[in-house]
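A.B. asks: Okay, sequence plus prediction incoming.
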Amino acid sequence: MIESLEHIVLSQWAIYLLPLLGFLLGIFLARRRFRKQKRQLRFSNDYFQGLNYLLNDEQDKALDIFVQLVETDWETIDTSLALGAIFRRKGEIDKAIKLHQNLLARPSLPQEYKGTVLLSLAKDYLQAGWLDRAESLFNEVVGDGEFIQEAQRCLMSIYEQEQEWENAINIARRFQNKNDNELAATTAQYYCELSQKVLAQNDLKEAEALATQALTADKNCVRASLLLADLAIKRGRYQKAIRFLHQVEIQNIQLFPLIVEKLILCYRNTSNLNKALSYLRTLDKKYQEVSLVPVLTKLIEEIFGEEDALQYLSEAVLRKPSLTTLSALLQLQSPDIVRQENLIPIVVDAITEKQHDFQCKRCGYTANTHVWLCPSCHSWSSMIPKMD
Ligand SMILES: [Zn+2]
């Protein structure tokens, strides 16, 4: 009886208390929402002011704002990093470095952003030319799955600049993917660099082993075949050299003009010039992207005489018209005395000389001598003989 009375009194209290509790809870939630909105509003105002400074090219003022914002909300770090990238691109490396070092020094920097900031700072060091510092930071980041590829490329670029080919090979092989043909081709070039280095110290055996490793890394490495052919020639093994030089047809026909004189030398030393002639004739007919006409003309003249060479050249100049073939034709047709009065061959020669012999197929850079690494776009094996 007493229990049921207590129950009735409590339920009556509850009827009065519940609306009051609801009212108080409402006030509490409203105040909390207001405070949050106020904070967000301030954040937005600062953020937009920062953007405004950026648009007005006042990066220093923008930097102050974004650095303060990062403390309040680490999600704005992307803007700070973008600003760092702008500084780096503009060549203001000291500001980029200061910004990234500042971010790294904060104990509140969340772990998830640490790799990105380290990578940015490493890129600053790389651009500033502080290769040792850049190298140690890239090595720190390279273990992080998210940044492997970028850090690896940057490390390879550092080792290329420092010509530390063993390190370059190690880093390339560490992250070699079976389907990455470009990386395999670059690794092969590193082996070739090493092979040339030991060759200069007269270590033929090691040079051969390294060039063979280059071919294993990339079976289409023309430079490796050329190195192996050179080593075979040094030992007087011309047949072996011929086998290596023949590989270039399959590897990259556009680079064939680089090795053609060497191939003729090998055939000459094995008394097989006729074989060279028939092989080169076949190639010249088979591939439009390469012209062996001047070389073939000289070879025909050497084997069969001037008349046959002239006949071959007259046909070839129509089949593969170019200034080089025209120049060769004019030289054969004009004996020296007549040539002195004939301006045409002289003019054609002058035009041909003006043109560069090699061009990068990636960036279009031209040069008179062949190099394996394009000085302009830093691509390996992209310089090919230019067809006029
Ligand atoms: Zn290039």
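C.D. replies: Perfect, thanks for sending it.
A.B. asks: buried residues in stretch 367-380?
C.D. replies: Across stretch 367-380, burial judged by 16 or more other Cβ atoms under 10 Å covers Ala367, Trp372, Cys374, Ser379, Trp380. (Each C-beta comes from the backbone N, C-alpha and C, glycine too.)
A.B. asks: so who does the closest residue to Asp144 other than its chain neighbours touch?
C.D. replies: Excluding its sequence neighbours, the residue lying closest to Asp144 (Cβ to Cβ, 6 or more residues apart in numbering) is Gly115, at 4.6 Å. If you count contacts by Cβ atoms under 8 Å, 6 or more residues apart in numbering, Gly115 has them with Val141, Asp144, Glu146, Phe147.
A.B. asks: how many neighbours does the second one have?
C.D. replies: Put plainly, it is Asp144. Using other Cβ atoms under 10 Å, Asp144 has 14 neighbouring residues.
A.B. asks: Got the phi and psi for it?
C.D. replies: Taking degrees, to the nearest 10, you get phi -80, psi 120 for the backbone angles of Asp144.
A.B. asks: do the same with the last one
C.D. replies: When read as degrees, to the nearest 10, the backbone of Phe147 gives phi -110, psi 10.
A.B. asks: For it, list the residues it contacts.
C.D. replies: By Cβ under 8 Å, 6+ apart, Phe147 lies in contact with Gly115, Thr116, Leu119, Val141.
A.B. asks: Then Gln247?
C.D. replies: Taking Cβ under 8 Å, 6+ apart as the criterion, Gln247 is in contact with Ser225.
A.B. asks: can you tell me which helix or strand it belongs to?
C.D. replies: Gln247 is part of helix 238-251 when elements are defined by DSSP states H and E.
A.B. asks: Can you tell me how far Gly84 is from Leu55?
C.D. replies: Distance, Gly84 to Leu55, by Cβ to Cβ, to the nearest Å: 18 Å.
A.B. asks: Then Phe304?
C.D. replies: Phe304 is 75 Å from Leu55, by Cβ to Cβ.
A.B. asks: Equivalent analysis for Tyr267, please.
C.D. replies: 68 Å.
A.B. asks: Counting neighbours around each, name which of those two comes out higher.
C.D. replies: Neighbours were counted for Tyr267 and for Leu55 using other Cβ under 10 Å; Tyr267 has more, 22 against 9.
A.B. asks: circling back: tell me what angle the helix or strand that the helix holding Gln247 is followed by forms with helix 238-251.
C.D. replies: Using DSSP H and E, the next helix or strand after helix 238-251 towards the C-terminus is helix 256-269. Angle of helix 256-269 versus helix 238-251, following axes from the mean of the first three to the mean of the last three Cα atoms, to 10 degrees, is 160 degrees.
A.B. asks: got the buried residues for the very next helix or strand once past helix 256-269?
C.D. replies: Per DSSP H and E, the first helix or strand lying C-terminal to helix 256-269 is helix 273-286. Neighbour counts over helix 273-286 (16+ other Cβ under 10 Å) mark Ala276, Leu277, Tyr279, Leu280, Leu283, Asp284 as buried.
A.B. asks: returning to what we had before: want to try a markdown table for the contacts of Gly115, with pLDDT and distance to Leu63 as columns?
C.D. replies: Supplementary listing: the contacts of Gly115 in a markdown table, determined by pLDDT from 0 to 100; distance: Cβ to Cβ, whole Å:
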| residue | pLDDT | distance to Leu63 |
| --- | --- | --- |
| Val141 | 82 | 24 |
| Asp144 | 73 | 26 |
| Glu146 | 78 | 26 |
| Phe147 | 83 | 24 |
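A.B. asks: Of all pairs in the residues you listed, which one spans the longest distance?
C.D. replies: Taking Cβ to Cβ, the two most distant members of those are Val141 and Glu146; they sit 8.9 Å apart.
A.B. asks: Between the two, which is the more surrounded one?
C.D. replies: Taking neighbours as other Cβ under 10 Å, Val141 and Glu146 compare with Val141 leading, 24 against 12.
A.B. asks: ok, that one to Leu155 distance?
C.D. replies: Taking Cβ to Cβ, one finds Val141 at 9 Å from Leu155.
A.B. asks: ditto for Tyr238
C.D. replies: Tyr238 is 41 Å from Leu155, by Cβ to Cβ.
A.B. asks: out of the two, which sits in the busier spot?
C.D. replies: It is Leu155, of Tyr238 and Leu155, that has more neighbours when counted by other Cβ under 10 Å, with 25 against 20.
A.B. asks: now the residue nearest to Asp144: how far from Gly145?
C.D. replies: Gly115 is 9 Å from Gly145, where distance means Cβ to Cβ.
A.B. asks: Now do the same for Ala122: helix, strand or coil?
C.D. replies: Secondary structure state of Ala122, per DSSP: H, G, I helix; E, B strand; the rest coil, is helix.
A.B. asks: Am I right that Ala185 is in contact with Ser381?
C.D. replies: Yes: the criterion here is Cβ atoms under 8 Å, and Ala185 meets it with Ser381 at 6.7 Å.
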